[in-house]
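Trainee: Any chance you could fold what I've pasted below:
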Amino acid sequence: MTGDFTGLGPFFAVHTHVTGATATPPWRPLDELLTDESVLGSRIAGVRTALAGGRPDDAVEWRVAASVTHLGLVARLLSPTLAFAVRDGTVLDLAGTWWEPVPGGAVPLSVRPPSGPAAPFSDGALADALAEQVLDGPIRRITGLFPLSGRVLWGNVASAVNGAATMLAADRPEWTDRARALATALLGRAPLRGTSTRADGRFRRRSCCLIYRVAPSGTGAVCGDCVLTRS
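Mentor: Modelled structure (predicted):
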């Protein structure tokens, strides 16, 4: 593998395939998730069924399932991308990525390894490249397919960036400074600027991913970085 991040959890682990290879079942091109609303709709429906947990699917609002699906997908794309950036100072090329449509959890990903040694970016240039090639690339494309509030969706992306950086810093303390610096830089750039705050070192988004509404009557607990969390 290009980089073994398996120990960081399923959202960071990636398979690899050679450039020019064609996805064969069970692998499918990631591009279909970024462009085909019917494929994405099937994913949302599956997440909705899983969240319902044996209840009728309509016990979970469609918009809740859609938001949870979006958060899971952007976290899946951003986690290994940030890991490569922090460790190697490079930007993972997500073009040609494959995915496997398994039900629930982090979808398996297979990426193209770099064709040769890549010159690492400086941290400032690295943040610029991540914003341009990832946030304004596949993340914006998939986000644009969800007919939900942009405030919620880009808040999901902010949570995914912060969550990935937090995991990297916790598991690999030597990466803490760069992980935090890159996350801070990304959160300070459009389209993430203004989607979150940080007080006394604590990240807090300015929106809610709606997961609390999965519980009957919408009485579930909220995430630690949610705007609804009371100090």
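Trainee: In this structure, which helix is the longest?
Mentor: Determined from DSSP state H, the single longest helix within the chain is helix 62-88.
Trainee: and Glu37, how far is that from Arg141?
Mentor: 12 Å (C-beta to C-beta, to the nearest Å). From N, CA and C alone the C-beta is placed, and that goes for glycine too.
Trainee: I meant Pro10, not that one.
Mentor: With C-beta to C-beta as the criterion, Pro10 and Arg141 are 23 Å apart.
Trainee: can you pull the contacts of the residue most central in space within the chain?
Mentor: For the chain, the residue nearest the mean C-alpha position is Ala75 (1.7 Å; C-alpha atoms, centre = their mean). Neighbour list for Ala75: 11, 106, 159-160, 163-164 [criterion: C-beta atoms under 8 Å, 6 or more residues apart in numbering].
Trainee: same check, this time on Ala181
Mentor: So Ala181 contacts 123, 127 (C-beta under 8 Å, 6+ apart).
Trainee: quick one: it is in a helix?
Mentor: Yes. Assessed by DSSP: H, G, I helix; E, B strand; the rest coil, Ala181 belongs to a helix.
Trainee: what's the spacing between it and Arg193?
Mentor: Applying C-beta to C-beta, the value for Ala181 to Arg193 is 16 Å.
Trainee: can you check Asp200 too?
Mentor: 21 Å.
Trainee: So between the two, which is more surrounded?
Mentor: Neighbours were counted for Asp200 and for Arg193 using other C-beta atoms under 10 Å; Arg193 has more, 12 against 5.
Trainee: got a list of what the closest residue to that one other than its chain neighbours touches?
Mentor: Nearest residue to Arg193, sequence neighbours excluded (C-beta to C-beta, 6 or more residues apart in numbering): Leu187, at 7.4 Å. Going by C-beta under 8 Å, 6+ apart, Leu187 touches 158, 161-162, 193, 195-196.
Trainee: Quick one: residues contacting Trp62.
Mentor: By C-beta under 8 Å, 6+ apart, the neighbours of Trp62 are 44, 48.
Trainee: and what of the one 5 residues further on?
Mentor: For Ser67, the set of contacting residues under the criterion of C-beta under 8 Å, 6+ apart consists of 146, 148, 152-153, 156, 209-211.
Trainee: what about 6 Å?
Mentor: 152, 209-210 (C-beta atoms under 6 Å, 6 or more residues apart in numbering).
Trainee: Of the residues you listed, which belong to strands?
Mentor: Judged by DSSP state E, strands contain none of the contacts of Ser67.
Trainee: the strands in this structure, which residues?
Mentor: 15-16, 28-29, 98-99, 109-111, 196-199, 202-205.
Trainee: So which of these is nearest Thr6?
Mentor: strand 15-16 (10.4 Å; C-beta to C-beta).
Trainee: and the closest one, which strands flank it?
Mentor: Paired neighbours of strand 15-16 in the sheet (DSSP bridges): strand 109-111 (parallel).
Trainee: quick one: average confidence on the partner strand?
Mentor: Strand 109-111 comes out with an average pLDDT of 94.
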